[in-house]
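**Student:** got a predicted structure here, sequence first:
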Amino acid sequence: MEKVTNSDLKSSVNGGVVDVYGEDSATIEHNITPWSLSVSSGYSLLRDPRYNKGLAFTEKERDTHYLRGLLPPVVLDQKLQEKRLLNNIRQYQFPLQKYMALTELQERNERLFYKLLIDNVEELLPIVYTPTVGEACQKFGSIFRRPQGLFISLKDKGKILDVLKNWPERNIQVIVVTDGERILGLGDLGCQGMGIPVGKLALYSALGGVRPSACLPVTIDVGTNNEKLLNDEFYIGLRQKRATGQEYSELLHEFMSAVKQNYGENILIQFEDFANHNAFELLAKYRDTHLVFNDDIQGTASVVLAGLVSAQKLTNSPLAEHTFLFLGAGEAGTGIAELIALYISKQMNASVEESRKKIWLVDSKGLIVNSRKDSLQDFKKPWAHEHEPVKDLLGAIKAINPTVLIGSAGIGRAFTKEVIEAMSSINERPLIMALSNPTTQSECTAEEAYTWSKGRAIFASGSPFDPVEYEGNVFVSTQANNAYIFPGFGLGLVISGAIRVHDDMLLAAAEALAGQVSKENYDKGMIYPSFSSIRKISAHIAANVAAKAYELGLAGRLPRPKDIVKCAESSMYSPTYRLYR
Ligand SMILES: O=C([O-])CC(=O)C(=O)O
Ligand SMILES: [Mg+2]
């Protein structure tokens, strides 16, 4: 008999068709997990959030699933349960209490959580998402009850594949991962950044219809430089300064490899809230080998481009005729700038380099100009144009005469009265986007934008604001948040079996979103559709993205469906209760 060597075993194929548990694909060095699956019933069924229906179990289900006596006699339907929960949630005074109540619901009865979220998306989005999720991350240690998501830390070096196998679901389609270094505009929150992947994936299911069991939130804990957290007795992460350099990139590389080994080529990895220096590098490093998407760079770019494309109807001038000024030259700022340049280059049949000249960025040192080029980080270099130095935003507005002003620096209230007035003196309808999150970091409020521009601004913001009344008119600003894009974008990648993300897909997503803005929206001054129809919007985005994947030859799921919108709609998760046999 031939001797089987270690290297023969190592080269075993990556996941056979029936290798659901990754046992065949595991190399000899990796232990496998002894999975056992059983049908949930009785007491354990009530404690299984995926299948629990609480008081909605029918009489028949109570008989067949050993639930008699474990529930009070009444049978409620999902609608009434929803009403009761919404009443309860509205009683809480503080958003954080609502957040905690919703988290508990998610942990107790997943379908009811998603039903509630989908049916009341405009009311509940600010709770499970920005701005409340930011506060939740800041206080994550104190409000911690049960872990959500997968925590991978420096302690797991060399064992990440095994850690992945501890997660109870095998068929994962989307991972959102953060290292917690730049949570919204709140900075380094270390391991407590977990609230973000959890919240983003809740939106993947609620807004984009990706099955919750196919979503995996991950936080990679490499330490934190946040002194306050390091000294907080309730901090949940590693109590050490951030690992950097080789130690950092090795851990990330192990993670990226383990993910692909465990879940295959089609797993989507969304990078979220990494600090600039790592975000750009990770995206560049893995975009050719993995299905990766950076939400802060690419998702934000696509959503902002959608708003600008749609605003052409209000400003009556094509994007190529605009001049853009950014406050902030990080992930969001340069990501948006690059996508605008790509769009304009296609609109004008010009080069991207030429198109970039319409776009100016201001960072903490002032306008980005040629004379600063040597000291600029690489991702800022394409934006260094010929101009004399200008040291602040107001000076830059006066020097550049922008028609569009975009804030993405995470600096709250940086759009002062003078700034808005300067924009309004140059433009009949100044386009102003205050993208930083959460609300405390917003560059200005909706009220400030409308009041200081005397009702002339076209305004959108990263975090939500209530409608504003100014001189008898009601202005409904919209939320230029990547939540419009990533759920549908991810769904499009999943249904087409895409293996890589291409920039043209971001354009496709932006065009789909812009195409969903109705006359009714425009009449209210909105440049985005309202969130209440987000599932329909997501289906259109998904369809456009999937179509692009097929066109580019990047789709792995063949044949191409005839009606992709229908395909997207029909593959969306629905949280309506199912009957159990
Ligand atoms: O989470 C949000 O609201 C948008 C986003 O990605 C960020 O601000 O980092
Ligand atoms: Mg983000």
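**Tutor:** Looks like it came in fine. Ligands and ions are numbered 1, 2, ... in the order given.
**Student:** can you map out the strands along this structure?
**Tutor:** 150-153, 174-178, 215-221, 268-271, 291-294, 324-327, 359-363, 366-367, 404-407, 431-434, 458-461, 468-470, 473-475, 478-479 (DSSP state E).
**Student:** now for Lys260: which residues touch it?
**Tutor:** Residues in contact with Lys260 (C-beta atoms under 8 Å, 6 or more residues apart in numbering) are Ile267, His290. Every C-beta, even on glycine, is put in place using the N, C-alpha and C of the backbone.
**Student:** how about a cut-off of 10 Å?
**Tutor:** Residues counted as contacts of Lys260 (C-beta atoms under 10 Å, 6 or more residues apart in numbering) are Asn14, Asn266, Ile267, Ile269, Tyr286, Thr289, His290, Leu291.
**Student:** buried ones among those residues?
**Tutor:** Asn266, Ile267, Ile269, Tyr286, His290, Leu291 (16 or more other C-beta atoms under 10 Å).
**Student:** in these, find the pair that's most separated.
**Tutor:** Asn266 and Tyr286 (14.6 Å; C-beta to C-beta).
**Student:** any chance of the contacts of Lys260 in CSV, plus pLDDT and distance to ligand 2?
**Tutor:** Rendered in CSV, the data for these read as follows (pLDDT from 0 to 100; distance: C-beta to the ion, whole Å):
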residue, pLDDT, distance to ligand 2
Asn14, 41, 31
Asn266, 94, 23
Ile267, 97, 20
Ile269, 98, 14
Tyr286, 98, 18
Thr289, 97, 23
His290, 98, 19
Leu291, 98, 19
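**Student:** nearest to Lys398, of those residues?
**Tutor:** For these, the nearest to Lys398 is Tyr286 (41.3 Å; C-beta to C-beta).
**Student:** so the closest residue to that closest one other than its chain neighbours bridges to which residues?
**Tutor:** With C-beta to C-beta, 6 or more residues apart in numbering as the measure, Val292 is the residue that lies nearest to Tyr286, at 4.8 Å, once sequence neighbours are left out. When bridges are taken as DSSP bridges, the partners of Val292 come out as Ile269.
**Student:** pLDDT score assigned to Val292?
**Tutor:** Reading off the confidence values, Val292 has pLDDT 98.
**Student:** and for it, the neighbour number?
**Tutor:** Neighbour count of Val292, defined by other C-beta atoms under 10 Å: 22.
**Student:** what residues does the stretch 301-450 of the chain put near ligand 1?
**Tutor:** Counting by C-beta under 6 Å from any ligand atom, the residues of the stretch 301-450 of the chain lying close to ligand 1 are Asn437.
**Student:** repeat for the chain
**Tutor:** With the criterion set to C-beta under 6 Å from any ligand atom, the chain comes near ligand 1 through Thr130, Leu184, Asp273, Asp295, Asp296, Asn437, Gly462, Asn481, Asn482.
**Student:** measure the first one to Gln479 for me?
**Tutor:** The span separating Thr130 from Gln479 equals 9 Å under the rule C-beta to C-beta, to the nearest Å.
**Student:** residues shared between the contacts of these two?
**Tutor:** With contacts taken as C-beta under 10 Å, 6+ apart, the residues that reach both Thr130 and Gln479 are Asn437, Gly462, Ser463, Pro464.
**Student:** now, these that are in helices?
**Tutor:** By the criterion of DSSP state H, membership of the shared contacts of Thr130 and Gln479 in helices covers no residue at all.
**Student:** residue contacts, the nearest residue to Gly556 once chain neighbours are set aside?
**Tutor:** Excluding its sequence neighbours, the residue lying closest to Gly556 (C-beta to C-beta, 6+ apart) is Gly497, at 3.5 Å. Counting by C-beta under 10 Å, 6+ apart, Gly497 touches Glu265, Asn266, Leu291, Ala546, Ala549, Tyr550, Leu554, Ala555, Gly556, Arg557, Leu558.
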